[in-house]
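Student: would you be able to build a 3D model of this:
(2 chains)
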Amino acid sequence: MFRAEANGRALHFDTDSVVGANEVFKDRETGSHWQQSVSTATSGPLKGTHLALYPFLLTTWGEWRKQHPDTLVLKPELGYRERMAGMNKVINQGLFGNGPAPHGAFGHDTRLHPRETILGLEVGEEATAFPLSVLRTVRVVNDKVGGTPVLIVHQPASDTTTAFDARLDGRVLRFRAADQEADRLVDVETNSSWNAYGLCVSGRLKGSQLQALILEPEFWFAWSEFHPKTNVYRSAR
Amino acid sequence: MTRKLFRSMMIAVVVAGAIGSGSVFAQNTIRQMMPYTTVDHPQFVPASQVTFLSDNDLLIGITHGDAAKAYPAADLAQHGVVQDQMADGPIAITW
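Tutor: Numbers count the residues shown, from 1 in each chain, chains lettered A, B, ... in the order given. Prediction:
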């Protein structure tokens, strides 16, 4: 999910090829090629241009409409709608990290299994991969990426992960899960209660909102190839 | 080879790779693929009119101000790219 413009000019993308088992797009305006994993042009007139990520959330329909009852939803075209059930099976199978690297993956970094789903976070020059399998167990993570204290929250019921800058008015907060589902958290500093979307719902800090950070869900084989210096989060437990 | 054939072969490689080549499901899925083409003019329906999603289906959710939009993963994965316009500029949603 990225801004589709460069140098003030709108760009339109088509899927073009696959490199390192990761999609490469081509824009219609200049013919430049763009590696999906890093939203950066790898060839063509715009080579080297990086397109900024647009904030988004990977979640389920049940959870999204709970949070946004008035949401609009992309309507599938004829023919595609009928194939969504089959595609959901493929997608859900892919989320459990089984099997070897796909054809074409470079496989240089073996710290994790190639098909392990990670949530990638980039802050400044640093990148950290948070394995989904670890998040499903730990649920609340207090970490630091690029010098910034960050909070990662995982809600197992919908397999939803959110991330935030853990600073509020210059003060660093640390959190723990208040319940099994981690849809409520408590900050250690003031014991205020927060939801999984960075909003303080009760206590001294009620009404405060943490700044959201963008997590990039990706298979490890692609993330590690295009973010070679990435850290891997490992639970302390 | 033609562009269409190349694209369907690419899809076959990606899908077969994703769920293990040689499985019956992979063969059926490959035969039944729709064109893997960008959605340039996305159409949206309000939540109340959604009949094509179950609660556990994955999607990409985007908010801007008060507006919220959901792009179902099972649809995105069949197109590769959806081009859309937010209040602050054009965006590309990919799977």
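Student: who's in contact with A:Asp58?
Tutor: Heads up, residue A:58 is Leu, not Asp. A:Leu58 sits next to A:160-161, A:215, A:217, B:58-61, B:73 when contact means C-beta atoms under 8 Å, 6 or more residues apart in numbering or on different chains. (Each C-beta comes from the backbone N, C-alpha and C, glycine too.)
Student: now with 6 Å, please.
Tutor: A:Leu58 makes contact with A:Pro217 under the criterion C-beta atoms under 6 Å, 6 or more residues apart in numbering or on different chains.
Student: what helix or strand does it sit in?
Tutor: In this assignment (DSSP states H and E), A:Leu58 forms part of strand A:57-60.
Student: repeat that for A:Asp14.
Tutor: Using DSSP H and E, A:Asp14 falls in strand A:13-19.
Student: next one: that strand to chain centre, how far?
Tutor: Its chain's C-alpha centre and that of strand A:13-19 lie 21 Å apart, by C-alpha atoms, centre = their mean, to the nearest Å.
Student: which parts of that strand are buried?
Tutor: Residues of strand A:13-19 classed as buried by neighbour count (16 or more other C-beta atoms under 10 Å in any protein chain shown): A:13-16, A:18-19.
Student: reformat these as a markdown table; add pLDDT.
Tutor: A markdown table is the format used below for the buried residues of strand A:13-19 (pLDDT from 0 to 100):
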| residue | pLDDT |
| --- | --- |
| A:Phe13 | 97 |
| A:Asp14 | 96 |
| A:Thr15 | 95 |
| A:Asp16 | 95 |
| A:Val18 | 91 |
| A:Val19 | 89 |
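Student: can you pull the buried residues of stretch A:153-163?
Tutor: Applying a neighbour-count criterion of 16+ other C-beta under 10 Å, one finds A:153-155, A:158-163 buried in stretch A:153-163.
Student: farthest pair in those?
Tutor: Maximum pairwise distance in these, criterion C-beta to C-beta, is 15.6 Å, between A:Ser158 and A:Ala163.
Student: sorry, back to before: closest to B:Met33 out of the buried residues of stretch A:153-163?
Tutor: Checking the buried residues of stretch A:153-163 against B:Met33 by C-beta to C-beta gives A:Asp159 as the nearest, at 26.3 Å.
Student: keep only the buried residues of strand A:13-19 that also lie close to chain B.
Tutor: By C-beta under 6 Å from any C-beta of the partner chain, the members of the buried residues of strand A:13-19 lying near chain B are A:13-15, A:18.
Student: still on that earlier bit, which helices and strands does the strand holding A:Asp14 pack with?
Tutor: Judged by 3 or more C-beta pairs under 6 Å, 6 or more residues apart in numbering or on different chains; DSSP states H and E, the packing partners of strand A:13-19 are strand A:22-27.
Student: the strand it packs on vs chain B: in contact?
Tutor: No. For strand A:22-27, no contact with chain B is found by C-beta under 6 Å from any C-beta; the gap never falls below 6.6 Å.
Student: now the helix or strand hosting A:Ala85: buried residues?
Tutor: Using DSSP H and E, A:Ala85 maps to helix A:84-94. Buried residues in helix A:84-94, counting neighbours by 16+ other C-beta under 10 Å, are found at A:84, A:87-88, A:90-91, A:94.
Student: helices or strands up against that helix?
Tutor: Helix A:84-94 packs on helix B:3-19, helix B:73-79, going by 3+ C-beta pairs under 6 Å, 6+ apart.
Student: who's in contact with the next helix or strand after the last one?
Tutor: On the C-terminal side of helix B:73-79, the closest following helix or strand by DSSP H and E is strand B:81-86. Under the criterion C-beta under 6 Å, 6+ apart, residues A:12-13, B:38-40, B:42, B:64, B:71, B:91-94 lie in contact with strand B:81-86.
Student: repeat that for stretch B:46-62.
Tutor: Taking C-beta under 6 Å, 6+ apart as the rule, stretch B:46-62 contacts A:56-57, A:59-62, A:64-65, A:71, A:73, A:76, A:81, A:88, B:69-73, B:93.
Student: at 8 Å instead, please
Tutor: Residues outside stretch B:46-62 that contact it (C-beta under 8 Å, 6+ apart): A:1, A:54-62, A:64-65, A:67-73, A:76, A:81, A:84, A:88, A:91-92, A:159, B:68-74, B:76, B:86, B:91, B:93, B:95.
Student: distance between the ends of that stretch?
Tutor: The first and final residues of stretch B:46-62 sit 14 Å from each other (C-alpha to C-alpha, to the nearest Å).
Student: and it, what's its mean pLDDT?
Tutor: Here stretch B:46-62 scores 97 as its mean pLDDT.
Student: drop anything exposed from the contacts of stretch B:46-62.
Tutor: Buried members of the contacts of stretch B:46-62, counted by 16+ other C-beta under 10 Å: A:1, A:54, A:56-61, A:64-65, A:67-68, A:71-73, A:76, A:81, A:84, A:88, A:91, A:159, B:68-74, B:76, B:86, B:91, B:93, B:95.
Student: brilliant, that's me finished.
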